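[1] After the sequence you'll find the predicted model.
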Amino acid sequence: MKKLVLAAVAALSLGSAAMADPIKVGVDVAAYPPFTSMDADGTWKGWEVDFLHAICKQAQLDCVITPTAWDGIIPALTAGQIDMIMSSMSITEERMKAIDFSDKYYNTPTSMMITKGSGLKPTDESLKGKIVGVQVSTIQEAYVQKHFPDAQMKSYQTSDESYQDLAAGRIDAVVADGLVVSDFLKTATGACCENAGNVEDDPAVLGQGVGFGLRKGDPLKEKLNAAIKAVRADGTYDAITKKYFPFDIYGK
């Protein structure tokens, strides 16, 4: 995921000040459009940012976005440096050993991106001996390790770095979130490449959708789940989604 943001300590207050202490919401410092990114003036934007506004308002929480490096975001949560994670984090059995999750708030497929005309398919046979880029500590990294053992996996700190290497011909494919792949393909740099299709589903690795990450036993989970249910029921969720996508992203 994501192009590095220079401002490492930027915060945005969201919702109402119904609580004495603000809720520090950990978001990866690297941009992850169309879900999260930061403008030059330090303003956060994206689908997840708009969704967070709605959730914090509904739950009457004072939320502050706290940029946190992706590979240290779970340790930051468990150490109390942040109070929850909102960074397109998939709900997986492995992560649930360390943290809790809210109910899911979106669920999208994992896709493989290739340079145009390469003909590669998201199978181990097709990728044998090929270099496949993934972002470190993601479900896509775990998936490639498990399902494409004959490929040469290359991990990056951000997904954008893997996209740039693919465009430059330094790697053969990238496995990433399908919506983020689609967003990149709309850019000038993305003209080099195409979506080779979704990988075969594996819920044990790819998870059950994206949710807010929370410390074990945190009562904040109940408030967030109630807020997710409410914004979906009152049309707020659909209104936000239509600003970014021409289709539903909640999934099954």
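    It's in.

[2] how much space between the residue sitting nearest the centre point of the chain and Q140?
    In the chain, the centroid-proximal residue (CA atoms, centre = their mean) is S88; its distance is 2.7 Å. Separation of S88 from Q140 (CB to CB, to the nearest Å) stands at 11 Å. To be clear about C-beta, it is placed using only N, CA and C from the backbone, and glycine gets the same treatment.

[3] Need the overlap of contacts for the two.
    Overlap of the contact sets of S88 and Q140 (by CB atoms under 8 Å, 6 or more residues apart in numbering) consists of D177.

[4] what ranges do the helices span in the stretch 101-250 of the chain?
    Under the criterion DSSP state H, counting those that start in this stretch, helices of the stretch 101-250 of the chain are mapped to 124-127, 139-147, 159-167, 178-185, 203-206, 220-233, 236-244.

[5] could you give the mean pLDDT of the second one?
    Across helix 139-147, pLDDT averages out at 97.

[6] For that helix, what is the distance to the chain centroid?
    Here the centre of helix 139-147 is set off from its chain's centre by 16 Å, with CA atoms, centre = their mean, to the nearest Å.

[7] got the angle between it and helix 159-167?
    In terms of direction (axes from the mean of the first three to the mean of the last three CA atoms, to 10 degrees), helix 139-147 departs from helix 159-167 by 60 degrees.

[8] Just name whatever secondary elements helix 139-147 is in contact with.
    In terms of contacts (3 or more CB pairs under 8 Å, 6 or more residues apart in numbering; DSSP states H and E), helix 139-147 is packed against strand 110-115, strand 131-135, strand 152-156, strand 173-177, helix 203-206.

[9] Please identify the buried residues of the last one?
    By 16 or more other CB atoms under 10 Å, the buried positions in helix 203-206 come out as 205-206.

[10] So what touches it?
    Helix 203-206 is contacted by residues 90, 92-93, 110, 139, 142-143, 146-147, 199 when judged by CB under 8 Å, 6+ apart.

[11] how about low-confidence regions in this protein?
    1-20 (pLDDT under 70).

[12] Could you chop it up by domain?
    Domains of the chain are assigned by automatic domain parsing as 3-106+208-244, 110-206.

[13] What is the end-to-end distance of the shortest one?
    Between the opening and closing residues of domain 110-206 we find a distance of 8 Å, counting by CA to CA, to the nearest Å.

[14] heads up, I number from 5, so please use that
    Happy to do that; since the first residue is 5 now, the last one works out to domain 114-210.

[15] Centre of the chain to that domain, how far?
    Using CA atoms, centre = their mean, the offset of domain 114-210 from its chain centre is 15 Å.
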